[in-house]
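Asker: Pasted the sequence and its predicted model underneath.
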Amino acid sequence: MSIKIDVLEKGENMQLKLCLKSLFDMKALGYIISGSLLYSIGFNVFILPCDLYNGGFLGISQIMIYVIENIIEIDLGEGNYTGIIYFLLNLPLLYISLKRFGGDFIIKTIFCVICYSVLLSIVPVPEKSFLPENITACIAGGVLCGIGAGITLLSKGSGGGEEILGLLLMQKYKSMSVGKIFNIINVFVFTTCMYIYDISAGVYSIFFAVVTAVVIDRVHLQNITMTMLIISKKEQLENLIFKAVHRGVTKIKGIGAYSGEETNILLTVVSKDEALILRKILCDYDENVFIIEDESINVVGNFQKRL
């Protein structure tokens, strides 16, 4: 009995250490804070002054505020409660994702959701847009929001809401991405916006959401799958790849057409962030290594997208 209790205590201590490590990961904290700030500036400064609506769970939050103020007729005053409602909507998803992704993901996501909620509530909303046309505001806001959301995903956490759903579905369906889930949810959000407000606001909001989704999928490096063809005369490069990114490798013996010398040809499929890691490791190991990278691929088979 005492042995079993000791094992449980050691396991709990290990979990606590991992949680504290993730909490004080300065690189991840930098991604989360800077990404949340960029998103909040893009949304509050460029989108809200145009009376446009965000997609995803933030869009649902805005619709709920409209329902509370105009249908239920509860006066919320002059404060911006979008961030608070967004936080409350995220609580069930945080609970669901705990078992799937573990404590490290949850801690980073909770911190990210708090940052989003606080910054969306305190970043000032101008009375009028700085830009003359709604279309330019949609582009500026969409780019900033997309970069911000993509940067928070680089922390291996998420901003909650549709980002958690996207990460969950990415594990099961290789064709899925956070940006695609964002667009699927937006079908409901913007249909409701067109019904409640007007068609023009809905159309501009759709354009903003599409720009945001495209930029998210380009910044979220873990979502970009690519092949690496590595040519080197040195041995054991496959072991470096196994150790660095834990991906499978196909090794082929080749012969240089000009030199006639034997060489090793390694083929692996990785995410773009893993490719950046591998590129540095391989170049440090062999200064004469030759690497070909290609993003325009479609993978069928046992390839797992990761956080």
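Answerer: Okay, I see it. Quantities reported herein were computed from a predicted structural model and do not represent experimental measurements.
Asker: So which elements touch the lengthiest strand in the chain?
Answerer: Longest strand of the chain, by residue count under DSSP state E: strand 262-271. Judged by 3 or more CB pairs under 8 Å, 6 or more residues apart in numbering; DSSP states H and E, strand 262-271 is in contact with strand 225-232, helix 237-245, strand 250-255. (Glycine included, C-beta is placed from N, CA and C.)
Asker: what angle do that strand and strand 225-232 make?
Answerer: 160 degrees (axes from the mean of the first three to the mean of the last three CA atoms, to 10 degrees).
Asker: so what strands line up beside strand 262-271?
Answerer: Using DSSP bridges, strand 262-271 pairs in its sheet with strand 225-232 (antiparallel), strand 250-255 (antiparallel).
Asker: what's next to the next helix-or-strand element following that strand, contact-wise?
Answerer: As assigned by DSSP states H and E, the chain's next helix or strand after strand 262-271 is helix 272-285. Here helix 272-285 makes contact (CB atoms under 8 Å, 6 or more residues apart in numbering) with 154, 221-222, 224-226, 228, 230, 232, 234, 237, 240-241, 244-245, 247, 268, 270, 289, 291, 293, 295.
Asker: Highest mean neighbour count out of the helices and strands packed on strand 262-271?
Answerer: Ranked by mean neighbour count, those are led by strand 225-232 with a mean of 18 (mean count of other CB atoms under 10 Å).
Asker: if we look at that one, which residues are touching it?
Answerer: So strand 225-232 is in contact with 174, 237, 254, 263-272, 275, 278, 282, 286, 288-295, 297, 299, 303, 305, going by CB under 8 Å, 6+ apart.
Asker: Those, buried ones only, as a PyMOL selection?
Answerer: The buried residues among the contacts of strand 225-232 can be selected in PyMOL (16 or more other CB atoms under 10 Å) with this line:
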select buried, resi 237+264+266+268+269+270+271+272+275+278+282+286+289+305
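Asker: which residue ranges form the helices in the stretch 101-250 of the chain?
Answerer: 103-122, 134-153, 162-172, 178-196, 199-219, 237-245 (DSSP state H, counting those that start in this stretch).
Asker: ok now the shortest one, how far from the chain's centre?
Answerer: In other words, helix 237-245. Chain-centre distance of helix 237-245: 25 Å, with CA atoms, centre = their mean, to the nearest Å.
Asker: Could you name the helices and strands sitting against it?
Answerer: On a contact count with 3+ CB pairs under 8 Å, 6+ apart, helix 237-245 meets strand 262-271, helix 272-285.
Asker: Go through the longest one and flag the buried ones.
Answerer: I take that to be helix 272-285. Buried-residue list, helix 272-285, by 16+ other CB under 10 Å: Lys272, Asp273, Glu274, Ala275, Leu278, Leu282.
Asker: Please report the distance of the first one from Gly260.
Answerer: So that's Lys272. 35 Å (CB to CB, to the nearest Å).
Asker: residue contacts, the nearest residue to Gly150 once chain neighbours are set aside?
Answerer: Excluding the flanking residues, the one nearest Gly150 by CB to CB, 6 or more residues apart in numbering is Val219, at 2.5 Å. Val219 is in contact with Gly146, Ile147, Ala149, Gly150, Ile151, Leu153, Leu154, counting by CB under 8 Å, 6+ apart.
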